[in-house]
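> here is my input; please provide its structure:
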Amino acid sequence: MTKGFLAAFKLSPVIAGTMILMGSNALASLPISSLDDDPCCEEQGIDGEFQLICSPSSSMVYAQVTSVSQLSDVQSTDWAFQALQSLIERYGVIAGYPDGMFRGNRAMTRYEFAAGLNAVLVRINELIAAGFKDRVSEEDLATLQRLRADFAPELATLTGRSDRLEVQIAQLEANQFSTTTKLTGFINFNLDGAAAPGNVRVERIDPTDSSSVPRRGSDNRPIVTKVEDDPNITFSYLAGLFLTTSFTGKDTLATSLFAGNGDSSSNAYTSAGLFNTFGVPLLDLTPSATASDLVLAEVFYSFPVSNSLQFTVAPLFFWLRYFDTNAFTSAFGRGAGGFNTFGSTLIQDLGRTTGAVMLWRINEQFDLRVGYATNIDAANPTRGLFDSTRAVTAQLTYSPIRNINLRFLYDYSIIKPVDGQIKTKPIIGIADDGFGGALDDATANSFGFNFDWLVTSKFGIFGRYTYSTTNLNPVADGLDDGNLKAQSFQVGVAFPDLGKRGALATLTYVQPFDVLQGRKFLVSGGGDGGTQFDIEATYYYPVTNNIAIVPYFYITGNANNFDDNPLIYSGTVQVQFSF
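Below is the predicted model:
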């Protein structure tokens, strides 16, 4: 059956017919032969079969036609020309494609034809009810009655499914949170413990207080103390609420709220400035200065400029949403998720919370992202956007094939001192002028590489390498500038769907802060010249669609860069509830 004179109506038969077949599905699944040239449709594999999936912005959305001359591919010599002209002028039930074409030779199904017939019947009933019965010819009524009889089963199906759809829509509207906003969230329970078979050396004055400050002794070396007692097992929570709003269907206004009281046991073993670095999953934390306070964690607005270009403007946002992502590491609980493993230890910094990001999808192989970010001092008039600790980050992703991603990062930072010390990445720890004196603004350049490769459907590999150099400027006269150089390294393996579809197991090795030059400037984090390493094993196991169990296990060697520290064993069992 061709489209003929009933090919396109005010109610598009293609879309209506699709709704009959798919119920309330928000995407239209349509024959590939009719849409293979539609830029808003893409081929997707579903249960081993391929079909074309079209967004609501597809060219299948028809435009009202008021004159047959608007249909560029309909000529006066066409056999259906008079029928089209009559339907347009008398009933106003013809619609065309946005490009001005009618495409009258496209094949259609009986369901599609029935949907179009139903649209005509509705329109004619409207005309009769409005007193325009004379506009409906007896011949047309006879034809429609015959068609109604011939297509009675399809029309009955359409009516029944439309009625059910209206009931479902009414229920959704009555119970929806908002017409523009979607609410999602999670609550995590964290059971955590850590132990070491000996005393652990730390660079801080009070070994019993992980927030204790570091100092230099009379020999100008950092003061070192020892943690002698293992911490107790902790039980904590982290909760998050996400409000996602769209005004056009393509833009996003995101708001995130967090509350938690986590303090992982491993923090008992860290030098000053290394709090929440090793043996700690990111989702076991306290998001505010005071435990259990509800805080606004994110507010950002993303909008498209074109099909390939998008901008995000953010008074508050997570830098890690956009940079240094990886298929097998995640800050949010699926994959390697420790503070030292979900991203580069020398580039990403959650302290940069204000800024903007440009995302440019150049083509299928290349993706470019450029961002500018500052810390929360951006809201302070004495600092503002351009006199706070700030950074410019660029990332180019190259995907030669579908299952390989190569990411190249560059980060330039200007770091403001706090109490005369530099405490922000790419320094992990605390730096001074090498003699206990104050520093001025520091500048840092970091270069990173990040990759993931799904070798088979059940096995993948991933890794990162970062090199950084930080220029330190002493305040005191007569002291030369210092240069602290460091590198970090990570490699891991991943096992998707291990034990259950949707599960993910990872094993990763990381050296978070290998100091290559300038160790003398570190009052904390330099240790005795050793290089810390972390081994992390994680297993994300989805019990249901909304509940998951995630055990983390860590082994930390040469903690705090002391090569004579004992191994530290730590672990967390996390239960995630999402909604």
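> got any ranges where this protein has weak pLDDT?
1-65, 90-93, 97-100, 111, 132-135, 173, 175-177, 350-352 (pLDDT under 70).
> which residue is most remote from the mean position of it?
Residue farthest from the centre of the chain, counting by CA atoms, centre = their mean, is Glu138 at 59.7 Å.
> distance-wise, check that residue relative to Asn118.
Glu138 is 21 Å from Asn118, where distance means CB to CB, to the nearest Å. Backbone N, C-alpha and C define where each C-beta goes, glycine included.
> ranges for the strands of the stretch 151-300 of the chain?
With DSSP state E, counting those that start in this stretch as the criterion, the stretch 151-300 of the chain has strands at 181-195, 200-202, 225-227, 234-245, 252-260, 295-304.
> hmm, I was thinking of the stretch 401-550 of the chain
Under DSSP E, counting those that start in this stretch, the stretch 401-550 of the chain gives strands at 404-415, 430-431, 442-456, 459-472, 482-496, 504-517, 522-524, 533-542, 547-557.
> could I get these in CSV, plus columns for mean neighbour count?
Formatted as CSV, the strands of the stretch 401-550 of the chain follow (neighbours: other CB atoms under 10 Å):
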stretch, mean neighbour count
strand 404-415, 19
strand 430-431, 27
strand 442-456, 18
strand 459-472, 21
strand 482-496, 20
strand 504-517, 21
strand 522-524, 28
strand 533-542, 21
strand 547-557, 20
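> which one of those strands lies nearest to Val370?
Of all these, strand 404-415 sits nearest to Val370, with 9.8 Å by CB to CB.
> the inter-axis angle of that closest one versus strand 442-456?
On the basis of axes from the mean of the first three to the mean of the last three CA atoms, to 10 degrees, strand 404-415 is oriented at 170 degrees to strand 442-456.
> what does strand 404-415 contact?
With contacts defined as CB atoms under 8 Å, 6 or more residues apart in numbering, strand 404-415 is touched by 323-327, 344, 347, 389-400, 422, 424-426, 441-454, 466, 470.
> again, only using 6 Å
Residues outside strand 404-415 that contact it (CB atoms under 6 Å, 6 or more residues apart in numbering): 347, 389-399, 422, 424, 441-453.
> before we move on, what about stretch 334-350?
Under the criterion CB under 6 Å, 6+ apart, residues 276-278, 280-282, 319-320, 324, 328-331, 411, 425-426, 446, 448, 464, 466, 468, 488, 504, 506, 508, 510, 512, 534, 536, 538, 540 lie in contact with stretch 334-350.
> for Val491, which non-adjacent residue is closest in space?
Nearest non-adjacent residue to Val491, counting by CB to CB, 6 or more residues apart in numbering: Gly463, 4.1 Å away.
> does that neighbour touch Ser488 like I think?
No - contact status for Gly463 versus Ser488: not in contact, 10.9 Å apart, counting by CB atoms under 6 Å.
> about what we covered before: the residue nearest to Val491: what's it in contact with?
Applying CB under 6 Å, 6+ apart, the residues near Gly463 are 451, 490-491.
> separation between it and Gly198?
31 Å.
> circling back: export the strands of the stretch 401-550 of the chain as JSON lines, with columns for distance to Gly571.
Listed next are the strands of the stretch 401-550 of the chain as JSON lines, based on distance: least, CB to CB, whole Å:
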{"stretch": "strand 404-415", "distance to Gly571": "30"}
{"stretch": "strand 430-431", "distance to Gly571": "28"}
{"stretch": "strand 442-456", "distance to Gly571": "25"}
{"stretch": "strand 459-472", "distance to Gly571": "22"}
{"stretch": "strand 482-496", "distance to Gly571": "18"}
{"stretch": "strand 504-517", "distance to Gly571": "14"}
{"stretch": "strand 522-524", "distance to Gly571": "26"}
{"stretch": "strand 533-542", "distance to Gly571": "9"}
{"stretch": "strand 547-557", "distance to Gly571": "5"}
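> now do the helices in the chain.
Secondary structure of the chain (DSSP state H): helices located at 13-22, 32-35, 81-86, 110-129, 138-150, 152-175.
> in the third one, what counts as buried?
Within helix 81-86, the residues that qualify as buried by neighbour count (16 or more other CB atoms under 10 Å) are 81, 84-85.
> quick one, phi/psi of Gln365?
With angles defined as degrees, to the nearest 10, Gln365 sits at phi -100, psi -30.
> please determine how far it is located from Phe449.
From Gln365 to Phe449 the distance is 17 Å (CB to CB).
> and the gap between Ala259 and Thr354?
21 Å.
> these two: which is more packed in?
Thr354 (22 against 19; other CB atoms under 10 Å).
> quick one: contacts for that one?
315, 374, 378.
> can you do 7 Å?
By CB atoms under 7 Å, 6 or more residues apart in numbering, the contact list for Thr354 reads 314-316, 373-374, 376, 378.
> most neighbours, which of those?
For the contacts of Thr354, neighbours were counted using other CB under 10 Å, and Ala373 has the most, 27 neighbours in all.
> dump the helices of the chain to JSON lines, plus distance to Val418.
Listed next are the helices of the chain as JSON lines, based on distance: least, CB to CB, whole Å:
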{"stretch": "helix 13-22", "distance to Val418": "57"}
{"stretch": "helix 32-35", "distance to Val418": "58"}
{"stretch": "helix 81-86", "distance to Val418": "74"}
{"stretch": "helix 110-129", "distance to Val418": "66"}
{"stretch": "helix 138-150", "distance to Val418": "79"}
{"stretch": "helix 152-175", "distance to Val418": "49"}
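> nearest to Phe435, of the ones you listed?
Taking those one by one with CB to CB, helix 152-175 is closest: 66.0 Å.
> how far away is Val455 from Val493?
Val455 is 9 Å from Val493, by CB to CB.
> overlap of the contact sets of the two?
The contact lists of Val455 and Val493 share Ile461, where a contact means CB under 7 Å, 6+ apart.
> report how many residues lie close to Asn380.
11.
> what residues are up against the closest residue to it other than its chain neighbours?
In this structure, Asn380 finds its nearest non-sequential neighbour in Ser388, 7.6 Å apart by CB to CB, 6+ apart. Each residue near Ser388 by CB under 7 Å, 6+ apart is listed here: 374-375, 377-378, 416.
> one more pass at 10 Å, please.
351-352, 354, 373-380, 382, 414-416 (CB atoms under 10 Å, 6 or more residues apart in numbering).
> please list all residues in contact with the spatially closest residue to Ile233 that is not a sequence neighbour.
Using CB to CB, 6+ apart and skipping the chain neighbours, the partner closest in space to Ile233 is Gly193 (4.3 Å). With contact set as CB under 10 Å, 6+ apart, Gly193 has these partners: 230-235, 264-266, 279, 569-573.
> distance of Gly193 from Phe577?
For Gly193, the distance to Phe577 - CB to CB - is 22 Å.
> thinking again about what came up before, of the contacts of Gly463, closest to Gly437?
Gln490 (34.3 Å).
> against Gly463, how distant is the closest one?
Taken as CB to CB, the span from Gln490 to Gly463 is 5 Å.
> what touches both of the two?
326, 329, 450, 508-510.
> so who does Leu472 touch?
Contacts of Leu472 by CB under 10 Å, 6+ apart are 415, 417, 422, 427, 431-434, 439-444, 479-484, 518, 521.
> and for Asp480?
433-434, 472-474.
> for Leu385, same thing?
354-356, 372-374, 377-379.
> now with 8 Å, please.
By CB under 8 Å, 6+ apart, the residues touching Leu385 are 354, 374, 378.
> equivalent analysis for Arg204, please.
Arg204 neighbours (CB under 8 Å, 6+ apart): 210, 212-214, 223, 225, 271-272, 524.
> could you do Leu320 as well?
Here Leu320 is in contact with 331, 342-343, 348, 350 (CB under 8 Å, 6+ apart).
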